[in-house]
Every structure is written in C-alpha cells, then in structure tokens.
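> Quick one: sequence plus predicted model below, questions after.
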Amino acid sequence: MTESGLRNATWRRLHETAAASLFALGRTDGLVVAIVTGTGYLLGFLWATNSLSARFGAGFGWRLVDDPFARALERRGPTSFEPVAVVDAGIATVLLGPVDLAIGFGLSALVALNVSLAYLALVQPSSCGVGAGMGMAAAVPALLSGSVCCVPVVLLVLGIQASAALLTVLPWLLPLGAALLVASLVFVAGKVDPGNGL
Amino acid sequence: MDRRLSRRGALAIAAAGIAGCLDGSDAGTGVYDGNGEGNASAAEEMTATPDEDSIANSPVPIRDEQLPVEYGLESLREAVVRGVVPRDAIPSIDDPEFEPIDDVGDRIRDDDPVFGVRRGTDAKAYPQAILVHHEIVNDEVGGDPVAVTYCPLTGTAMGFDRGETTFGVSGHLLNSNLVMYDRASETYWPQMLATAIEGDLEAASLVEFPVVWTTWERWRSAHPDSVVLTEETGYARDYDADPYGSYNPVTGYYGEDSDWMFDPLEADDGRPPKEVLLCSRPADGPLAVSLEALRERGVYGIDRGDRDYLAAYDSELDVGYLYRTDDAEAFGADDGTVIGPDGERHDPGELLLEAVYAYDAMWFAWRGFYPSTSVHD
C-alpha cells in the first residue's frame, strides 16, 4: 500500500469510528450502556488514584487549597497531578484535581464508547468476532495506572510485592491503556454498521 | 535473640518479688538481661567518613559522632528502590498551622495515634492521620528549626534538627524506609539510619531528637498546653483515609503479622514482621526491647559488660525510654514510676541518667538495617 493509500485508509477508518460512535450514542440503549460503563469506570479510576473513598458519615463540606491554579499543575506522579479541593459528600470524600479529572473523563469516555460499540456489535446479527470484554480488558491497564501516584497502595490492593520490573512498568500503564482503548475502539467500530438500524 | 532470662535477671525478679511480699506493694519486678545473641554480624560496616569541608559548610546540623551503619554506602545505594513516587509527590508540610487542644473537637479520636514533641516550652502533636500523607513537617519547635518525620512503611517517627534548610520526600525507599533529601545540598538521608548515603554530606549523621508515639487521649492528658497540627496543610488530602490500613483499630499493612511490601536488606522470620520494638543503635551495638515486656515489667535492664542500659516504661504515654547506667539492676518499677537505687521514685521520662536515643520501629525494618541487634523480651 502506498503512503497516500495508507493515509486514506487511516482517515476512512477514523471517520468510520466517529460515525459508529455517534451512531451508538444516538441510540437509547447504546447511550445507556455508555453512561453506565463510563460512570462506573470513572468511579473506579478515582478510587484507584486515591481520589475517592466511600465512607458513611463523611458529612458535607468542601475545602479549596490556596492558589489552586499553581497547585493543580504540580506533579504527584508521571501521569498524576495535585488535587485542589476536598469535597465531603455524605457517603464519600472526593479529591478534585483538574488534570486527573480530565484524564479520568477521557479514559472513561473511551471505555464507554468501547463497551457501547461492542454491545451494538453483539446485538447486530451481521457482526461477528467482537466481545464486550475486549474494551474492558483494554481498560484495565489505564485503571491500574492510577496507582502510579501511590505505588505502595496498588501493591497493597493487588497483594503483591514490589519488584524493579513492576516499578518500571507502572508509569507506562496509562499511555499503554489509552493506546489500547483507542485501538480497541477503532477495531470494534469497524464491526458496527451504522446503516443497520436495529 | 535471647528469650531466656539471665541468672541475674531471675535473681532480680525473685528479690523484687520477695520485697513486694514484704511491703505489700505491687512493685514491678523489672528484668536484667544479658546482651542476648546478636542475630548476625554485619558483613560490611560503613567505613566512609564525611568530607570535613562539606560538614563545615553544611546547611544541616551534623552530629559530632557518626552513627553506626552496618552496611557499606555503595551496597546501600544499590539497595535503594528509586522513583517509587516522584520527588516531592508526597509533599512535606512546610508551613504548618496549629490549634489548641480545645479547638480540635472530634477531628481526632481518643485512640488515634499522634506524634508528640516537647522541646523547650513548646509541646506539639502531629496526628498520624496527617503525617501518613506528608511524612515530613518542616517546623519550628522551642524556637529551633526542626523536621518531624514519619515513615508509614517502617512505622518510625523521628525528629531531626534541620538548620537553615528543609527536608523533602525523595520518592526513594531503602529497606522500606523513607529516604529524605535536604533541599540545600540535595543529600539523601534514610530516616532510620539518620546518616547520608548519597550527596555532598554522605556518611554524615543528623542530629536527632525523640518523637513520642502515643495516642491523642494520652498526649492531651499529659500535655494539656499542647497545640496540634491542623489539616490546613496547603494540600487537598482525605485525612480520614489512611492508604495503608488503620492503627485504630489495627488493620491492613500495620497488622503485626502482615507481610512487608519491599524486601528488607536482611530478612528474619523469627518474629512477626510488624511487631513494634523500642530500638536503639548505641556505639557498642544495636539493641531492641520488646514493648510488651517493657509494659509488663516497667523497667528492663541490659547488661553490656562495662556499661548497662535501662529501658523504662512510661504508662501515662505508653512509651519506652532508654538510658545508660552503671548498674541497671539497681532499678525497679512501681505504679508507673521508676524506683532508683536510693529508693526514690522518678518519672520514667526524666531519670537522672544519660539518655540514649531510641525509637519505636517495625521489627522487619530494624532487623534489615541492623542485623547484629540484640533482642530483649
């Protein structure tokens, strides 16, 4: 395939992915699946990054740090930045960090689209070879990447001991997870036919 | 490790028991132990000495005498787990704010652990729930610039004079222990060793001061004039959540039998890994005293040949103190006080003896750094 042919094929596939995504979100069942999985993943991401802890009796209130704009850009991990506010919401306490939230929303959107498209591909009789587990499997590395802000915590959660190899891999989990999610989305989008209005 | 009572110890117990029968008191028996079996000889002790010019220009106060280190600096540097988190990703508190005890309300529960410092006329408490998220507080206590430090993975709270600089969390770990760095010379200081392993001041040792690990209820009872670190740290953290577990009640990583997360320099399966002992590293060899034994007996004497050591239990704060003395056998305990050779009662924290720096530590971490430790329980 020539360079221009490759470029055209890539653009065509991205166009198909965008069209399939819009198609999925335009259907009620596809939208519901996307919202449920996206919300669930976001909560999981916030929990894994130590930004969300469920606790009855957390009370209600919030606290903003001094100079939040400067604080928000301070790194606390390779792909994690400082939170600027603590929100107590009755049953949970949430740390709000603008950059981490943006990363969380981006990953959640990718996961939501993946699962929504996989769902549609499954309910379309013409599709084949697509499982809903694929998008979710791709989501796991990104979820674990949340741990890079606090490596010992994820080691506790996973019940494993640290090794040099693991510590080397952890910072790459988020970009790896995001790349897998995009690849999975493009793949699954090719299995959905927006013209097939089920 | 020597779990047996020495003959002198048994005699001391018998004598104290008879005395207790005679005077009807419930005087503590105390115990007088031999040096125990040091677990091992360190294969390679530190031989490096600090650079004199660097010390002369050091922004950090340096001890006159180097502290004992049972490994060569190169092997320690090789054992450092680097970049567990980025530097300062666990942010030190550099502008701490305090409030009086009366203003705390229910923010701290009675049995929550706090780290207390009494220096000059100042008494300050640092809640463990806050320090687990920051590990270092660059503060002034009694008019002196100090760093109050806490490593959750080794269960160690220690104080250091910091001079003109501040300390930060390097993000490295050595033997699971916090490796601090000073922001002026960028020298790396493992907290428990208190001796630099890398940088201009390598092989130099910090000036330490004791930090009392007790509970909120005990501290405020003993020091009602104390102030307490607030949650206004400049950072957004959930101070009600400890990422490693809980001390009230004890769960998770802090459980006595739970496993370590990073392999220690030297492992020992003879005791629960997270058992907390009163540990010290005087020049004539490291020692560790079981807190359980100390609580039970009130005082604990250790025979080291020329000189003795005496551990004394403070029931008010539930902490141990260590002293050097000519004859530890002459001391006893009764009702929370130490009875001296002259029969007079003394506060366990204020004996007129040479105080020896000692701190509580999880056994696996202490054993990793000081394999030749004699254990007394």
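Perfect, I can see it now.
> and the helix or strand hosting B:Asp308, what other elements does it pack with?
Element membership of B:Asp308 [criterion: DSSP states H and E] is strand B:307-314. The elements that strand B:307-314 packs onto, with contact taken as 3 or more C-beta pairs under 8 Å, 6 or more residues apart in numbering or on different chains; DSSP states H and E, are helix B:291-297, strand B:299-304, strand B:319-325. In short, each C-beta sits where N, CA and C put it, glycine included.
> Restrict it to CA atoms and write it as CSV.
Extracted as CSV, the C-alpha positions of strand B:307-314 are listed here (Å, rounded to 0.1, in the frame of the first residue of the first chain):
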residue,chain,number,x,y,z
ARG,B,307,28.0,-0.3,81.0
ASP,B,308,24.4,-1.2,81.3
TYR,B,309,21.3,0.0,79.6
LEU,B,310,18.0,0.7,81.3
ALA,B,311,14.7,0.8,79.5
ALA,B,312,11.9,2.5,81.4
TYR,B,313,8.2,2.4,80.7
ASP,B,314,6.0,5.5,80.8
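> List the buried residues of it.
B:308-314 (16 or more other C-beta atoms under 10 Å in any protein chain shown).
> from these, which two are the most distant?
Largest separation among the buried residues of strand B:307-314 by C-beta to C-beta: B:Asp308 and B:Asp314, giving 19.5 Å.
> I'd like the distance from the strand holding B:Asp308 to the chain centre, please.
Counting by C-alpha atoms, centre = their mean, to the nearest Å, strand B:307-314 is centred 15 Å from the centre of its parent chain.
> Name the residues that touch it?
For strand B:307-314, the external contacting residues (C-beta atoms under 8 Å, 6 or more residues apart in numbering or on different chains) are B:278, B:280, B:282, B:284, B:287, B:289, B:294-295, B:297-302, B:319-329, B:331, B:333, B:336, B:338, B:347-349, B:351, B:353, B:356, B:358, B:376.
> Please pick the buried ones from the residues you listed.
B:278, B:280, B:282, B:287, B:289, B:294, B:297-302, B:319-325, B:328-329, B:331, B:333, B:338, B:348-349, B:351, B:353, B:356, B:358, B:376.
> Also near chain A: which of these, exactly?
Residues of these in contact with chain A (C-beta under 8 Å from any C-beta of the partner chain): none.
> give me the number of residues near B:Tyr181?
If you count neighbours by other C-beta atoms under 10 Å in any protein chain shown, B:Tyr181 ends up with 23.
> That one in helix, strand or coil?
Under DSSP: H, G, I helix; E, B strand; the rest coil, the three-state class of B:Tyr181 is strand.
> ok, what's across the strand from it?
Bridge pairing for B:Tyr181 (DSSP bridges) gives the partners B:Gly168, B:Tyr188.
> That one and B:Arg87 touch, don't they?
Yes. Using C-beta atoms under 8 Å as the test, B:Tyr181 is close enough to B:Arg87 to be in contact (7.3 Å).
> list residues touching both of those two?
Shared contacts of B:Tyr181 and B:Arg87 (C-beta under 8 Å, 6+ apart): B:168-170.
> returning to that earlier point: from the buried residues of strand B:307-314, which is closest to B:Gln128?
Among those, and counting by C-beta to C-beta, the member closest to B:Gln128 is B:Asp314, at 18.7 Å.
> ok, so what distance separates that closest one from B:Asp284?
Using C-beta to C-beta, to the nearest Å, we find B:Asp314 at a distance of 25 Å from B:Asp284.
> Look up which residues are beta-bridged to B:Leu278.
On the basis of DSSP bridges, B:Leu278 is bridged to B:Val289, B:Asp360.
> how about the residues of the stretch 101-250 of chain B that lie near chain A?
B:153, B:231, B:234-238, B:240-241, B:243-245.
> Sort out for me which of those are in helices.
Under the assignment DSSP state H, these contribute nothing to helices.
> on that earlier part again, compare the shared contacts of B:Tyr181 and B:Arg87 and tell me which has the most neighbours.
The residue in these with the most neighbours, by other C-beta under 10 Å, is B:Ser170 (26 neighbours).
> That one is in contact with B:Glu186, isn't it?
No. In this structure, B:Ser170 is not within contact of B:Glu186 by C-beta under 8 Å, at 9.3 Å.
> Give me the below-cutoff pLDDT ranges for the stretch 51-200 of chain B.
Nowhere does the stretch 51-200 of chain B drop to pLDDT under 70.
> again with chain A
A:1, A:124-171, A:191-198.
> quick one, longest helix in it?
Ranked by number of residues, the top helix in chain A under DSSP H is helix A:98-123.
> hmm, that one in reach of chain B?
No. With C-beta under 8 Å from any C-beta as the criterion, chain B is not reached by helix A:98-123; the gap is at least 11.1 Å.
> Pull the distance from that helix to the chain's centre.
When distances are taken as C-alpha atoms, centre = their mean, helix A:98-123 is centred 6 Å away from the chain's centroid.
> So which elements touch that helix?
helix A:3-26, helix A:28-48, strand A:80-81, helix A:132-145, helix A:173-189.
> Might one say that B:Lys124 is in contact with B:Glu140?
No. Using C-beta under 8 Å, B:Lys124 is not in contact with B:Glu140; the gap is 9.7 Å.
> Looking at these two, which one has more neighbours?
The residue with more neighbours, out of B:Lys124 and B:Glu140, is B:Lys124; 25 against 13, by other C-beta under 10 Å.
> Confirm that the more buried one sits in a strand.
Yes. B:Lys124: assigned to a strand according to three-state DSSP.
> Tell me who's in contact with it.
B:98, B:116-117, B:139, B:141, B:148, B:226-229.
> For it, which non-adjacent residue is spatially closest?
Nearest non-adjacent residue to B:Lys124, counting by C-beta to C-beta, 6 or more residues apart in numbering or on different chains: B:Val117, 5.1 Å away.
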